[in-house]
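Participant: Generate coordinates for the sequence data below:
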Amino acid sequence: MFDIEKIRGDFPILNQQVYGKPLAYLDNAATTQKPQCVIDAVNHYYTCDNANVHRGVHALSERATANYEAARQRIASFFNARSEREVIFTRGTTEAINLIASSWGGAHIGAGDEVLITHMEHHSDIVPWQMLCERTGATLKVAPINERGELIMDAFEALLSERTKIVGVVHMSNALGSINPVERIIEKAHAVGAKVLVDGAQAAGHMAVDVQAMDCDFYVTSAHKMYGPTGIGVLIGRESILESMPPYQGGGDMILTVSFEKTEYNDLPYKFEAGTPHIAGVIGFGKAIEYIQGIGFDVIAKREKELLAYATAKAEAFDGLRQIGTAAHKACVLSFVLDQVHPHDLGTIVDREGVAIRAGHHCAMPVMQFFKVPATARASFSVYNTEAEVDSLFVALEKAKAIFA
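Facilitator: Residues are numbered from 1 along each chain as shown. Presented below is the predicted three-dimensional model:
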């Protein structure tokens, strides 16, 4: 049975007022709130087990290492990785993409090669590829989207060729909510010999991800959009590819032996985890995964679909509101503009009503350029949100509309 009050009770931050109004937190695409169990796990590490991992023989280090590696095991299982060796901890999605662009791209991309991305990508899946192409002389290709915010698959397939070395594609757009047909994309890319990186930053907290069934080469995501801590994320890569890649950074823990003449690198996954890691973040990430599993994606997806449908119906009935992103297959994001009100003004006004939304380009400027808007307002939903919070948003929008009438 779905018990919204029980779930909301797991998130202490939700029980507060902002400007004298109950907080309605609708900025989940930027970051989700953290359940008490995650907060407790991080606190327990710093209170009881604070020590470095992999390097100590004392009790604290052994406990910290055990909890750190247990989180890796849980995450490997959650994404159905082939082994724990495929689970690389990073600072987040952005660092994971930069790691692939630098390490794999540096070794395999050259002049005349092509990198293919889509028009709906986050800046984190644009800029690293641009930087790689500038260094190597490769060409960046961009697959177009339609007016609903959907990838035009025929155009995407037409851009694939034997020159395409890697495809970077967002699983779920943070700016539009569109969900891409990643399995079909991967199949088509593999047919021409290209590798595929899937940006799962938005998707992984809302739907089950099976990297083996998907058959992607790399899947990347961040903990903080999955009820986990900030500053920690994961790259799940095909082991055979990771083995062949040079290290991204040098330092402690990614080595087996060091001399002034030669360094021998560590095995996977540690080859890509130089230096002291974000130990508390990894442990908190593992607890966040456990929390998601405790609710279940069937429950999460059903609840978020209900909220999106409820909000969409209200948006369609709201005079002067234009939705940006109306894909047939989308999830938990409502992006929009309101006549005569700049999204930044809108964000400020609704904030005074206790409603937290995001206003801006959402690190997706090409999306804004496509829809010919400077920015959008974005409400994004999580399992702990309610219809009453959606109602609060639209009451606040009415006030904004009245101010600028």
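
Participant: Only C-alpha atoms from now on, for both contacts and neighbour counts.
Facilitator: Fine.

Participant: ok, which stretches of the stretch 101-250 of the chain are helices?
Facilitator: Here the stretch 101-250 of the chain has its helices, by DSSP state H, counting those that start in this stretch, at 105-108, 127-136, 153-159, 182-191, 211-214, 239-244.

Participant: Export these as JSON lines, with columns for mean neighbour count, mean pLDDT and distance to C37.
Facilitator: Compiled in JSON lines, those are given as follows (neighbours: other C-alpha atoms under 10 Å; pLDDT from 0 to 100; distance: least, C-alpha to C-alpha, whole Å):
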{"stretch": "helix 105-108", "mean neighbour count": "16", "mean pLDDT": "97", "distance to C37": "39"}
{"stretch": "helix 127-136", "mean neighbour count": "18", "mean pLDDT": "98", "distance to C37": "35"}
{"stretch": "helix 153-159", "mean neighbour count": "14", "mean pLDDT": "98", "distance to C37": "42"}
{"stretch": "helix 182-191", "mean neighbour count": "17", "mean pLDDT": "98", "distance to C37": "32"}
{"stretch": "helix 211-214", "mean neighbour count": "15", "mean pLDDT": "98", "distance to C37": "27"}
{"stretch": "helix 239-244", "mean neighbour count": "15", "mean pLDDT": "97", "distance to C37": "32"}
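
Participant: Which one of the ones you listed lies nearest to H58?
Facilitator: With C-alpha to C-alpha as the criterion, H58 lies closest to helix 239-244 of the helices of the stretch 101-250 of the chain, at 31.3 Å.

Participant: domain ranges for the protein?
Facilitator: Listed domain ranges for the chain are 4-30+296-404, 39-293 (source: automatic domain parsing).

Participant: What segments of the stretch 251-400 of the chain are strands?
Facilitator: Taking DSSP state E, counting those that start in this stretch to define them, one finds strands in the stretch 251-400 of the chain at 255-258, 263-265, 321-323, 333-338, 355-356, 358-360, 376-380.

Participant: Just name the most buried of the ones you listed.
Facilitator: Of all the strands of the stretch 251-400 of the chain, strand 376-380 carries the top mean neighbour count, a mean of 27, counting by mean count of other C-alpha atoms under 10 Å.

Participant: how close does the residue lying farthest from the centre of the chain get to D267?
Facilitator: Of all residues in the chain, E261 has its C-alpha farthest from the mean position, at 40.5 Å, by C-alpha atoms, centre = their mean. Distance of E261 to D267, computed by C-alpha to C-alpha, to the nearest Å: 20 Å.

Participant: One more: A388?
Facilitator: The value you get for A388 to D267, if C-alpha to C-alpha is used, is 51 Å.

Participant: Among those two, which residue is more densely surrounded?
Facilitator: Between A388 and D267, counting by other C-alpha atoms under 10 Å, D267 is the more crowded of the two (14 against 10).

Participant: Report the contact partners of the closest residue to G137 other than its chain neighbours.
Facilitator: In space, and not counting its chain neighbours, G137 is closest to A111: 4.3 Å by C-alpha to C-alpha, 6 or more residues apart in numbering. A111 is in contact with T136, G137, A138, T139, counting by C-alpha atoms under 8 Å, 6 or more residues apart in numbering.

Participant: Show me how to select, in PyMOL, the buried members of these.
Facilitator: Those of the contacts of A111 that count as buried under 16 or more other C-alpha atoms under 10 Å are selected in PyMOL with:
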select buried, resi 136+138+139
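
Participant: any low-confidence regions in this structure?
Facilitator: In the prediction, the chain carries no residues with pLDDT under 70.

Participant: Pick out the residue closest to the middle of it.
Facilitator: For the chain, the residue sitting closest to the mean C-alpha position, by C-alpha atoms, centre = their mean, is A201 at 1.0 Å.

Participant: Does that one touch T93 like I think?
Facilitator: Yes - at 6.4 Å, A201 and T93 qualify as touching, with contact defined as C-alpha atoms under 8 Å.

Participant: For these two, list the residues in contact with both.
Facilitator: Common contacts of A201 and T93 (C-alpha under 8 Å, 6+ apart): V220, T221, S222.
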